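Visitor: whatever this is, show me its structure:
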Amino acid sequence: MTATSIFVNLPTADLARSKAFYEGLGFSINPMFTDENAACVVLDENIYFMVLTREYLGTFTDKQIVDPKTHAQTSIAFTRDSRDEVDAVMAKGLAAGGTEPREAQDYGFMYSRDLEDPDGNILGFLYMEPTAVEQGPDAYLAGQGAESSAPTA
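Guide: Residues are numbered from 1 along each chain as shown. Modelled structure (predicted):
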């Protein structure tokens with residue numbers, strides 16, 4: 001069985017600006033799947049962003065394409081290996097033209113920060129304590145002598 005690849009389609013009002021932003025985060029652009037309507041942003045060998053002009057994205061659906069500056073349709077989160085790596089990718093994203101819409105969230109077992117690309121698409125970067133991944137947040141925090149501050153659905 002081959003590995004599943006993930007292609008996330010994101011709308012943009014300015015394709016050149018989006019390409020520069022994602023390259024600023026350290027991702028590459030696959031020129032074979034990039035033209036005046038879309039850019040293929042390579043996150044790793046199985047994860048890709050297709051940054052599409054709003055008009056072109058509209059050809060894939062009969063639904064209205066929301067403006068990510070004013071409406072959240074999705075939030076995509078990526079893990080990092082440490083809090084420092086979360087802060088480092090955020091620094092790159094802010095330097096590349098992104099914004100941080102809210103302060104860092106520290107739940108004791110998980111540290112996360114949100115980054116909005118120049119179009120307003122939300123990217124989350126987080127670090128979770130490995131023991132919390134294995135035990136669950138409540139058990140991890142109980143072992144630390146703390147109460148759970150985990151977000152609830």
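Visitor: all contacts plus neighbour counts: C-alpha atoms, from now on.
Guide: OK.
Visitor: what are the structural domain limits within the chain?
Guide: Following automatic domain parsing, the chain resolves into domains at 1-59, 75-153.
Visitor: those domains: lowest mean pLDDT?
Guide: Among the domains of the chain, domain 75-153 carries the lowest mean pLDDT, a mean of 89.
Visitor: sorry, back to before: columns distance to residue 67 and mean neighbour count on top of the domains of the chain, output as CSV?
Guide: What follows is these, written out as CSV (distance: least, Cα to Cα, whole Å; neighbours: other Cα atoms under 10 Å):
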stretch, distance to residue 67, mean neighbour count
domain 1-59, 8, 16
domain 75-153, 8, 16
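Visitor: let's have the ones you listed in TSV, adding distance to residue 66.
Guide: As requested, the domains of the chain are arranged in TSV below (distance: least, Cα to Cα, whole Å):
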stretch	distance to residue 66
domain 1-59	8
domain 75-153	11
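Visitor: other residues contacting the longest helix that the chain contains?
Guide: When the chain is scanned for its longest helix (criterion: DSSP state H), the result is helix 83-95. With contact meaning Cα atoms under 8 Å, 6 or more residues apart in numbering, helix 83-95 is reached by 21, 24-25, 80, 99-100, 111-113, 115, 117, 125-127.
Visitor: so which residues of the protein form strands?
Guide: With DSSP state E as the criterion, the chain has strands at 6-12, 28-30, 38-44, 47-53, 75-79, 105-106, 110-116, 122-128.
Visitor: would you format these as JSON lines with distance to residue 144 included?
Guide: Output for the strands of the chain, formatted as JSON lines (distance: least, Cα to Cα, whole Å):
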{"stretch": "strand 6-12", "distance to residue 144": "36"}
{"stretch": "strand 28-30", "distance to residue 144": "40"}
{"stretch": "strand 38-44", "distance to residue 144": "34"}
{"stretch": "strand 47-53", "distance to residue 144": "35"}
{"stretch": "strand 75-79", "distance to residue 144": "22"}
{"stretch": "strand 105-106", "distance to residue 144": "15"}
{"stretch": "strand 110-116", "distance to residue 144": "13"}
{"stretch": "strand 122-128", "distance to residue 144": "15"}
